[in-house]
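# Pasting the sequence and the predicted coordinates here, then a few questions.
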Amino acid sequence: MNYKDKIREIENFPEEGISFKDITTVLKDPKYLKETIDELTDYFSDVDVDIVVGPESRGFIFATPVAYNLGAGFVPVRKPGKLPAEVEKFEYDLEYGKDALEIHVDAIMDGMKVLIIDDLLATGGTISATAKLVEKLGGEVVGLGFFIELVDLNGRDKLDKYNVKSIVKY
Ligand SMILES: O=P(O)(O)OC[C@H]1O[C@H](OP(=O)(O)OP(=O)(O)O)[C@H](O)[C@@H]1O
Ligand SMILES: Nc1ncnc2[nH]cnc12
């Protein structure tokens, strides 16, 4: 699959200097949608996974079908104020801006094996925050999977203790 021909690049969105990788052009093509989910699933098919965690919002799109394929459960990590029950919270930096993420405290049990899937790795702030939330609850992070990786932003430097897979690198 020629993913780079499918991913739409928008310059200076949402801010000057950002080259935004638009995945909607991939998702709307049934063949590409299937191949993307299958590639992520296949890479982690030999890993023991109880739960797949996806960060809001684009992470949900990839994490839920991978969880379904692996026979695992899905747990959302959300932006503040969205989850209704008791939460754990973590603040982090984005390629543009700053944010915080939350997870339900009862979403992950001690010792559960957790795969984290997101659409894109940029600075690694989102995924590091997500991994910290999972580990705070006693989960073991058994892998990190992304559709896209922006290599020049060195997100991987923050993730060297994990099994990291990305499908398309820029
Ligand atoms: O590696 P990082 O520098 O943290 O950047 C990557 C994150 O940025 C985007 O999410 P965004 O916060 O824009 O939210 P969205 O999925 O709701 O669009 C993307 O979906 C990743 O989660
Ligand atoms: N350059 C980028 N394109 C799309 N999503 C992003 N999230 C963080 N950086 C991004």
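Okay, I see it. Ligands and ions are numbered 1, 2, ... in the order given.
# Could you list the paired strands of the helix or strand hosting Val168 along with their orientation?
In this structure, Val168 sits in strand 164-169 according to DSSP states H and E. Strand 164-169 has the following sheet partners, assigned by DSSP bridges: strand 140-149 (parallel).
# right, is the strand it pairs with up against ligand 2?
No: Strand 140-149 stays clear of ligand 2 (C-beta under 6 Å from any ligand atom), getting no nearer than 7.4 Å. All C-beta atoms are positioned from the backbone trio N, CA, C, and that covers glycine.
# Enumerate the positions of that strand that are buried.
Neighbour counts over strand 140-149 (16 or more other C-beta atoms under 10 Å) mark Val141, Val142, Gly143, Leu144, Gly145, Phe146, Phe147, Ile148, Glu149 as buried.
# Out of these, which is nearest to ligand 2?
For those, the closest approach to ligand 2 (C-beta to the nearest ligand atom) belongs to Ile148, at 7.4 Å.
# and the closest one, what pLDDT?
As predicted, Ile148 sits at a pLDDT of 98.
# Which residues outside the strand holding Val168 are in contact with it?
With C-beta atoms under 8 Å, 6 or more residues apart in numbering as the test, strand 164-169 has contacts from 3-4, 7, 36, 39-40, 43-44, 121, 143-149, 151, 156.
# cool, and stretch 77-91?
53-56, 59, 76, 98-106, 129-130, 132-133, 136-137.
# Can you show me the CA trace of the helix or strand of the chain with the lowest mean pLDDT as CSV?
Each helix and strand of the chain was given a mean pLDDT (mean pLDDT, DSSP states H and E); the minimum falls on strand 87-93 at a mean of 89. Taking Å, rounded to 0.1, in the frame of the first residue of the first chain, the C-alpha atoms of strand 87-93 are listed here in CSV:
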residue,chain,number,x,y,z
VAL,A,87,-10.1,9.5,37.1
GLU,A,88,-6.3,9.6,37.2
LYS,A,89,-4.9,12.7,35.4
PHE,A,90,-1.5,13.5,33.7
GLU,A,91,-0.4,16.8,32.0
TYR,A,92,1.8,16.7,28.9
ASP,A,93,3.2,18.8,26.0
